[in-house]
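J.: generate a structure from the sequence data that follows.
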Amino acid sequence: MPPRAKGSSSVSQRSPNHPGRDRHPPATAPPPQFTIPPPFPACTRGGASPSRGPPPESSLPIGRRSSNTGTVLSFGKHPLTLPRGPGPTRRCFSPNVGHYKKTKKRLEVDHGRKGHWWSHRASSGADLHSVPLQNFPSRRGTGDREFVPIRDPRDRWGGPPSWEAGGVVWKRTGVQGEYSNLKRELEATTQKLGSSMHSIKTFWSPELKKERALRKEEAAKYALINDQMKILRSENQKQAALIRQLEEELRLAHMRNPDAEVQQHLEALKNEKGNHAQGIFFLGKLLKELELRIETQKQTLAARDESIKKLMEIKGVGGQEDRLEVERLKSKLIETEARYRHLESMYESRDKDLNKMEELRIELNRRDQEIVAMNAKMKTLEEQHHDYQRHIAVLKESLCAKEEHYNMLQADVEELRVRLEEKNKLIEKKTQQTMTSSQEKNRLMQEVQELRDHMEIKDRKINVLQRKIENLEDLLKEKDNQVDMARARLTAMQAHHSSSEGALSSLEEAIGDKDKQISQLREQRDRAEQERNEERELHEREIAEYKMKMHALENDMEKLQVRLEKAAAEKDRIEVKLENSQSELGQARAELEKMQSEMMKLQSESDRSRSEFARLALENERMREQSGRLKSDLDRSQTTFGKSSMYQLDDYERLQDRLEKAQTELRRVQAEYRMHQAEQDRARGEVEQLQEKIERSQGEIYRLKAKLENAQADKESIQEEYDRVQSTVARSQSERDAALAEAEKLRAELDRIQNLLTKSQSQHEKTQAALDKAQLETDRIQEKLDKATAEARRMQLERERAQSELENMQTQLSQAQMSTLKFQKGRNTAIEKAEIAGKK
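T.: Purely as a prediction, here's the structure:
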């Protein structure tokens, strides 16, 4: 619409929709010497401007209008349209005027409600009440009522259309509706996230209890999941970083748009994070215990396999050699027995004595060799015992040092625990303070919301007052029109010289009444403007105070959040240090128990060797006594044999020959026996080498090799040792089978744990997906919130600009009032001139 010059249009540009304004009778008078500013455009259907399309009937020249619109006065080139009634009965409203109506029905102008200030003449002009509005945009929100402006957006001074007054209100309501939609979306998102976190908690709480019970009962069954636990730890670290990022973003969102439900969701995320950290700690501890148990099982299985292999080798090779030696010794014994039976026929008593003496000598030599070997063995055992004692002493010293270190660590842990409790108390206190501050903040937000509502109500009141002012201005203009008409009547009466003093006095009284009404309306307008300014300043001060309080509370909350994060980091560091100290203490205790068991074994072996040495020493003494007795018997037999030889020399020589033959045979047998003894010594050395390679508890192999002198006794001892070895092998095999069964059971249990871990990993992935979704929702809501804040700032700027324009309009109104005053002065002069002319 092109702009028009201010004050260039006449009164004739009124809409034909106001029939109550054209009821006065015609009058003839010269045109006035001033211009009247045009009124507000009429409320037409659809808000169309009178300047678009064909001109309305009210703007046609005189004589071309219909009869139902009023009387037209023609004064040459200045047409003037006069209303037909005694006064105006309808008012046009400013663009800020609106109504509330159901959005699902047809929008209609509803000005005839009972109790409103504009419904005092609702009985006439019913055609104006059903004019629909179609050119104003309406938002279909979730509410039942909306604000719709009902004026055509055109400047009332004939200029371009102005949307600032009504547009600001509409945009502010639009921003508020957008803000309410965003808030509802945020609440729905937080509810979804809270429900998902609740479902995760309800799903994991029984599983965590079961896992804790399984950790206590089956601590040795989680060794093969170390790599997966590392992956889970990395994923949990990523999840913790993501959770921290979410907490930071939610904290920023809470600073921008605080909400109690967001705070509750943040607390829920923190609790979930604590549960995950505790579960990871228990899993790491269980992994360490399981690794220790599996290592010990592997060592015992390897030792059993080696012992079984060695026993099988001994059983296979040593037994065959012993059987060969037994057979060879049997053959030799048979030969010697034959020879001895041949010699016994000749030298029964002497051979018996000699054989007994030789046997005793051989037994004595063997026992001496055994004593020497046992002495060497005792020396080695004593040296080993001393070494072990020294090693035990060193271990005891290290254990004492570790115990002192553990006591120091325990004291540090207690101190840290006390500090942690103090920190927890401080954190609880700060959380309570934060809760109170958040409650205070929520209360302040509610108060701010109430103040905003109050401001909206005040804005609506201001709009109503503005509409009143504009209506009063319209009424003032109509009064000016009436003054113009009265002046035209006065001029007509002066021209025809047919007026009277009574009409003049009635006109003066009417003019005085109108002046009084104008002054009253001006006073009301001034009071309304003053009240509005005072309320606006009061609300601005209260809003500034609340903003300062909210800023201080947000700073306090940020400080408390930083302190909470520091306390949580300190707590994690103390827990890691405590876990390390406990693992070191457990290793030291295990090493001490192992050394103590080895020391007990060595002590028992030393006691057994000492008892064996004492037994051998007693047996040696007994053998020495027996050999002394045999020597004395031999001397006695030699003396008796000498006496008898004196009588039987031939027999003696013959017996001497036989004795020499028997002695040579005996020497040969002794040489063979020495060879056999050397072979036995070699076999004994091999057995000792084997004994050094296997466990120290298998010392009976020495006795097996030492009892090969007599064939039958050696055979029986070898058979007994073989049976014992067989039982040991069977027992070791049964133990191995049990260990294998235990290993299979452990594998099955590990498979089950693997399945549980895959399930937990999938649950973690689901949780991660939910958190990612929540992050996207939060980002989207944050973008919408930023857009809404930018729009609110823009609307605030537009509102300030509208206020400045309103001030400009007020200045223009004051100028119009000045012009009205000037017009009043001119009217007074005209009345004086009329009085003078009447007197003349």
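
J.: which residue ranges form the helices in the stretch 401-550 of the chain?
T.: Assigned by DSSP state H, counting those that start in this stretch, the stretch 401-550 of the chain shows helices spanning 501-647.

J.: low-confidence regions, it specifically.
T.: Where the stretch 401-550 of the chain drops to pLDDT under 70, the residues are 483, 486, 489-508, 510-511, 514, 539, 546-547, 549-550.

J.: one more time with 50, if that's ok
T.: By pLDDT under 50, the low-scoring segments of the stretch 401-550 of the chain are 499.

J.: the chain too?
T.: Low-confidence segments of the chain, defined by pLDDT under 50, are located at 1-165, 499, 641-648, 687, 697-699, 701, 704-708.

J.: can I get stretch 406-415 in CSV? Just the C-alpha atoms.
T.: The C-alpha coordinates for stretch 406-415 follow below in CSV (Å, rounded to 0.1, in the frame of the first residue of the first chain):
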residue,chain,number,x,y,z
TYR,A,406,51.3,-53.6,55.0
ASN,A,407,50.6,-52.1,58.4
MET,A,408,51.7,-48.7,57.1
LEU,A,409,49.5,-49.1,54.1
GLN,A,410,46.7,-50.2,56.4
ALA,A,411,47.2,-47.1,58.5
ASP,A,412,47.2,-45.0,55.3
VAL,A,413,44.1,-46.8,54.1
GLU,A,414,42.4,-46.2,57.4
GLU,A,415,43.4,-42.5,57.3
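
J.: okay, buried residues for it please.
T.: Buried residues in stretch 406-415, counted by 16 or more other C-beta atoms under 10 Å: Y406, L409, V413. The way it works is simple: take the backbone N, C-alpha and C, and place the C-beta from them, glycine included.

J.: between those, which sits nearest E428?
T.: Nearest to E428 among the buried residues of stretch 406-415: V413, at 21.6 Å, using C-beta to C-beta.

J.: show me what the host helix or strand of D368 is packed up against.
T.: D368 is part of helix 348-496 when elements are defined by DSSP states H and E. When contacts are defined as 3 or more C-beta pairs under 8 Å, 6 or more residues apart in numbering; DSSP states H and E, helix 348-496 packs onto strand 78-82, helix 164-217, helix 260-313, helix 319-344, helix 501-647, helix 649-693, helix 711-839.

J.: how big is the angle separating that helix from helix 711-839?
T.: Orientation check (axes from the mean of the first three to the mean of the last three C-alpha atoms, to 10 degrees): helix 348-496 against helix 711-839 gives 10 degrees.

J.: the buried residues of stretch 406-415 into a markdown table, with extra columns for distance to K192?
T.: Listed next are the buried residues of stretch 406-415 as a markdown table, based on distance: C-beta to C-beta, whole Å:
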| residue | distance to K192 |
| --- | --- |
| Y406 | 50 |
| L409 | 47 |
| V413 | 43 |
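
J.: the nearest residue to I462 once chain neighbours are set aside: what's it in contact with?
T.: Of all residues not flanking I462 in the chain, R532 sits nearest, at 5.3 Å (C-beta to C-beta, 6 or more residues apart in numbering). Going by C-beta atoms under 8 Å, 6 or more residues apart in numbering, R532 touches K458, K461, I462, L465.

J.: how much space separates the first one from E835?
T.: Here the criterion is C-beta to C-beta, to the nearest Å. By it, K458 lies 50 Å from E835.

J.: among the two, which residue is more densely surrounded?
T.: Using other C-beta atoms under 10 Å as the criterion, K458 and E835 rank with K458 on top: 17 against 13.

J.: the more buried one contacts L538, correct?
T.: No. Contact criterion C-beta atoms under 8 Å: K458 and L538 do not qualify, at 9.9 Å.

J.: what is the neighbour count of L746?
T.: Neighbour count of L746, defined by other C-beta under 10 Å: 20.

J.: from I753, how far off is it?
T.: Taking C-beta to C-beta as the measure, L746 and I753 are separated by 10 Å.

J.: L465 too?
T.: Here the criterion is C-beta to C-beta. By it, L465 lies 78 Å from I753.

J.: out of the two, which sits in the busier spot?
T.: When L465 is set against I753 and neighbours are counted by other C-beta under 10 Å, the residue ahead is I753, at 21 against 17.

J.: K285 against E579, yeah?
T.: Yes. The criterion here is C-beta under 8 Å, and K285 meets it with E579 at 7.0 Å.

J.: thinking again about what came up before, would you turn the contacts of R532 into TSV with distance to R487?
T.: Converted to TSV, the contacts of R532 look like this (distance: C-beta to C-beta, whole Å):
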residue	distance to R487
K458	42
K461	38
I462	36
L465	32
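
J.: nearest to S437, of these?
T.: Distances from S437 to the contacts of R532, taken by C-beta to C-beta, are shortest for K458, at 29.8 Å.

J.: count residues in the vicinity of Q278, would you?
T.: Number of residues near Q278 (other C-beta under 10 Å) recorded here: 13.

J.: repeat for the one 3 residues further on
T.: Burial measure for F281: 14 neighbouring residues, criterion other C-beta under 10 Å.

J.: any idea how far it is from N181?
T.: Plainly put, F281 is 44 Å away from N181 if you go by C-beta to C-beta.

J.: tally of neighbours for A792?
T.: The tally of other residues near A792 (other C-beta under 10 Å) stands at 16.

J.: contact partners for the residue nearest to it when sequence neighbours are not counted?
T.: Of all residues not flanking A792 in the chain, V175 sits nearest, at 5.4 Å (C-beta to C-beta, 6+ apart). Applying C-beta under 8 Å, 6+ apart to V175 gives the contacts A788, E791, A792, M795.

J.: all good on my end, thank you.
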